[in-house]
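[1] sequence unavailable; structure follows:
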């Protein structure tokens, strides 16, 4: 990074620190903060979509759809995250490869399962063995997003279906009295009103999601906690920059990062909550009504 | 970033079936000097250097990838990479699930590392990395086993008093004992396992033979011993 970093063993004090903090490994550490933020930004909306789908399915008048929704929330919420991340992702990956195998190599003479081994033809590999490493990492990231979305979607489905039940029956009844169909009443009255009931639960889920990213390394995606542990570990003179166990400092940096992220989330969620409470028949909505400044149209 | 292209693509052009695809080698990247991530952020260590040489000799194009130790075997049998070179000792239990090449590190002693000479190795709390032969040995020895995801955390547990001692490969612990003032090797050496070898899927016989042949050729011309001495020092166990 700096011109004086040529020979790390000759460095001292501030210069040593400046070179140490700009090694390729540290750059990967800094970049992993971006990885985590991107993961959160992609996963949260996707999980919400899964949740909404699950919640609507559990309320469906069609029985198989209802069973599907109930089965999804019950099974996924009941399986520990770590098990899910170890087992499900491998199964998901094998499922994709098996489908490709069926399509691409119909003449394959060997069984796909050989004892413990899962063997598909080279063309069906996802991504292919010869693909550059960044494609493997992108694929790992995508499966991570999908898995997070499925897990957190199940929890979100439960929160949302609870929120839908919390919307006063009178609201939907009024909509029906105006001649709206069940579907119209759901879309125009139920869904817009449920958010105020769903937000506290959803914001809890968001906070848990923020802290769940270390599970990423199980999928081969290196997140901030992985790098902090790796960098903070004691380094012998095998390394260019030997140092004792510095994990405390790295984890303090992570603490600051997570606190900052939590604070920003709280501020944003507070605003969203305020926005959704407007005009609602809830205590928060009532407070907003009272807070209308004097002189404004009532 | 964390990849190393082992052999040249040129070499891959020369041979048939085997060389068509890149051979992906999974490693832990947290076990210096066997395998670790160097300051540039790349995989480095004895096994990375060895893997590059083996692939060159077997005319394979290889690429190293890092993977969590805990899921390193499931990801191999599932086909996410083709070889494990991660300081993995050859044991009967593992041999039931995967296949091994002949060893590329001779059977070596495992050691205890502790804060003081009097550490209770038989009745106390001993830390080890999860799913290692050392962890299995501690569980059988009568001591209370404390498992950690990475070897480094197992060492840290001794420093902060959580465990009385840590039990791991000697080659991993010796540099730590030499360079930290507070930790020392205690107790007797314990020979464990059948040496370190490369792990492969049981259905991958051709690749196993190719790597086996390459290891044999390095044993025959003495270059394997040179590599061991380069990474583990003059005192390391070498092949006769």
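    In hand now; what should we look at? As the structure is a prediction and not an experimental result, all values here were calculated from the model.

[2] residues in contact with residue B:87?
    B:28, B:31, B:34, B:35, B:47, B:105, B:169, B:172, B:196 (C-beta atoms under 8 Å, 6 or more residues apart in numbering or on different chains). The way it works is simple: take the backbone N, C-alpha and C, and place the C-beta from them, glycine included.

[3] for it, which non-adjacent residue is closest in space?
    Nearest non-adjacent residue to residue B:87, counting by C-beta to C-beta, 6 or more residues apart in numbering or on different chains: residue B:34, 3.8 Å away.

[4] hang on, the earlier thing: list the ones among the contacts of residue B:87 that fall in helices.
    Among the contacts of residue B:87, the members found in helices (DSSP state H) are B:47, B:172.

[5] and the strands in the stretch 51-200 of chain A?
    For the stretch 51-200 of chain A, the strands defined by DSSP state E, counting those that start in this stretch cover A:113-114, A:117-118.

[6] the spatially most central residue of chain B sits in which helix or strand?
    Nearest to the mean C-alpha position of chain B, by C-alpha atoms, centre = their mean, lies residue B:87 at 0.6 Å. Counting by DSSP states H and E, no helix or strand carries residue B:87.

[7] do stretch A:69-89 and chain B come into contact?
    Yes. Using C-beta under 8 Å from any C-beta of the partner chain, stretch A:69-89 reaches chain B at residue A:86.

[8] tell me how far residue A:26 lies from chain B.
    To chain B, residue A:26 is 8 Å away according to C-beta to the nearest C-beta, to the nearest Å.

[9] my error: substitute residue A:258 in the last question.
    20 Å.

[10] cool, and residue A:231?
    Distance, residue A:231 to chain B, using C-beta to the nearest C-beta: 9 Å.

[11] re the thing from before, OK, contacts around the residue nearest to residue B:87?
    Contacts for residue B:34 (C-beta under 8 Å, 6+ apart) come out as B:45, B:46, B:47, B:86, B:87, B:169, B:171, B:172, B:196.

[12] go again using 10 Å as the cut-off
    Going by C-beta atoms under 10 Å, 6 or more residues apart in numbering or on different chains, residue B:34 touches B:27-28, B:45-48, B:50, B:85-88, B:105, B:151, B:169, B:171-172, B:196, B:231-232.

[13] do residue A:152 as well
    With C-beta under 10 Å, 6+ apart, residue A:152 has these contacts: A:43-44, A:46-48, A:50-51, A:76, A:81, A:202, A:205-206, A:208-209, A:212.

[14] which of the residues you listed lies closest to residue A:284?
    residue A:202 (15.4 Å; C-beta to C-beta).

[15] deepest-packed of the strands of the stretch 51-200 of chain A, please.
    When the strands of the stretch 51-200 of chain A are scored by mean count of other C-beta atoms under 10 Å in any protein chain shown, the highest mean neighbour count falls to strand A:117-118 (a mean of 20).

[16] list of residues touching that one?
    With C-beta under 10 Å, 6+ apart, strand A:117-118 has contacts from A:90, A:93-94, A:97-98, A:101, A:111-112, B:76-80, B:97-99, B:200-204.

[17] pop the domain breakdown of chain B in here.
    B:9-106+B:194-232, B:109-191 (automatic domain parsing).

[18] residues touching residue B:90, list them.
    B:99-103, B:105, B:107, B:133, B:193-199.

[19] what is the burial count for the closest residue to it other than its chain neighbours?
    Distance criterion C-beta to C-beta, 6+ apart; nearest residue to residue B:90, sequence neighbours excluded, is residue B:194 at 4.0 Å. Using other C-beta atoms under 10 Å in any protein chain shown, residue B:194 has 16 neighbouring residues.

[20] contact partners for the residue nearest to residue B:232 when sequence neighbours are not counted?
    Closest residue to residue B:232 apart from its sequence neighbours, by C-beta to C-beta, 6+ apart: residue B:171 at 5.1 Å. Residues in contact with residue B:171, defined by C-beta under 10 Å, 6+ apart, are B:31-34, B:46, B:87, B:105, B:108-111, B:196, B:228, B:231-233, B:235-237.

[21] and for residue A:258?
    A:36, A:207, A:210, A:211, A:213, A:224, A:225.

[22] repeat that for 8 Å
    Going by C-beta under 8 Å, 6+ apart, the list of residues near residue A:258 reads A:210, A:211.

[23] distance from the chain centre to the helix or strand containing it, please.
    Taking DSSP H and E as the criterion, residue A:258 maps to helix A:247-277. Offset of helix A:247-277 from its chain centre (C-alpha atoms, centre = their mean, to the nearest Å): 15 Å.

[24] what's the mean pLDDT across that helix?
    Across helix A:247-277, the average pLDDT comes to 93.

[25] look up phi and psi at residue 221.
    As the question left the chain open, I've gone with chain A. Per-residue torsions, residue A:221: phi -100, psi 120 (degrees, to the nearest 10).

[26] ok, and what's touching the lengthiest helix in chain B?
    If you go by DSSP H, chain B has its longest helix at helix B:205-220. Helix B:205-220 is contacted from outside by B:17-18, B:23, B:50, B:53-55, B:57-58, B:60, B:82-83, B:99, B:101-102, B:104, B:198, B:200, B:224-225, B:227, B:239, using C-beta under 8 Å, 6+ apart.

[27] now list the buried members of these.
    The neighbour-count test (16 or more other C-beta atoms under 10 Å in any protein chain shown) applied to those identifies B:23, B:50, B:53-55, B:57-58, B:60, B:82-83, B:99, B:101-102, B:104, B:198, B:200, B:224-225, B:227 as buried.

[28] among the contacts of residue B:171, name the ones in strands.
    B:31, B:109, B:110, B:111 (DSSP state E).

[29] related to what we said a few turns ago, near chain A, which of the contacts of helix B:205-220 show up?
    Contacts with chain A within those, counted by C-beta under 8 Å from any C-beta: B:23, B:82.

[30] mark which of the contacts of helix B:205-220 are part of strands, please.
    B:23, B:83, B:99, B:200.

[31] identify the bridge partners of the third one.
    Applying DSSP bridges to residue B:99 yields these beta-bridge partners: residue B:200.

[32] what's near enough to touch it?
    Residues in contact with residue B:99 (C-beta under 8 Å, 6+ apart) are B:199, B:200, B:201, B:202, B:204, B:205, B:208.

[33] could you do the second one as well?
    With contacts defined as C-beta under 8 Å, 6+ apart, the neighbours of residue B:83 are B:23, B:24, B:25, B:26, B:51, B:76, B:198, B:199, B:200, B:207, B:211.

[34] confidence score at it?
    pLDDT, residue B:83: 96.

[35] wait, what's in contact with the residue in chain A positioned nearest to chain B?
    Here the residue of chain A nearest chain B is residue A:24; by C-beta to the nearest C-beta that distance is 3.6 Å. By C-beta under 8 Å, 6+ apart, residue A:24 lies in contact with B:1, B:39, B:40, B:41, B:42.

[36] the last one: neighbour count?
    Going back to what we said before, that points to residue B:42. Burial measure for residue B:42: 18 neighbouring residues, criterion other C-beta under 10 Å.

[37] residue B:51 contacts residue B:63, doesn't it?
    No. Checked against C-beta atoms under 8 Å, the pair residue B:51 and residue B:63 is beyond contact range at 9.5 Å.

[38] who has more neighbours out of those two?
    Ranked by neighbour count (other C-beta under 10 Å), residue B:51 and residue B:63 place residue B:51 first, with 29 against 24.

[39] number of nearby residues for residue A:50?
    23.

[40] is it correct that it is in contact with residue A:150?
    Yes. The criterion here is C-beta under 8 Å, and residue A:50 meets it with residue A:150 at 6.2 Å.

[41] which of the contacts of strand A:117-118 are buried?
    A:90, A:93-94, A:97, A:101, A:112, B:76-80, B:97-99, B:200-204.

[42] where does the prediction get shaky in chain A?
    A:1, A:293-298 (pLDDT under 70).

[43] list the contacts for residue A:288?
    Shown in contact with residue A:288 (C-beta under 8 Å, 6+ apart): A:274, A:277, A:278, A:279.

[44] please tell me how far the third one sits from residue A:195.
    Read it as residue A:278. Residue A:278 sits 11 Å away from residue A:195, going by C-beta to C-beta, to the nearest Å.
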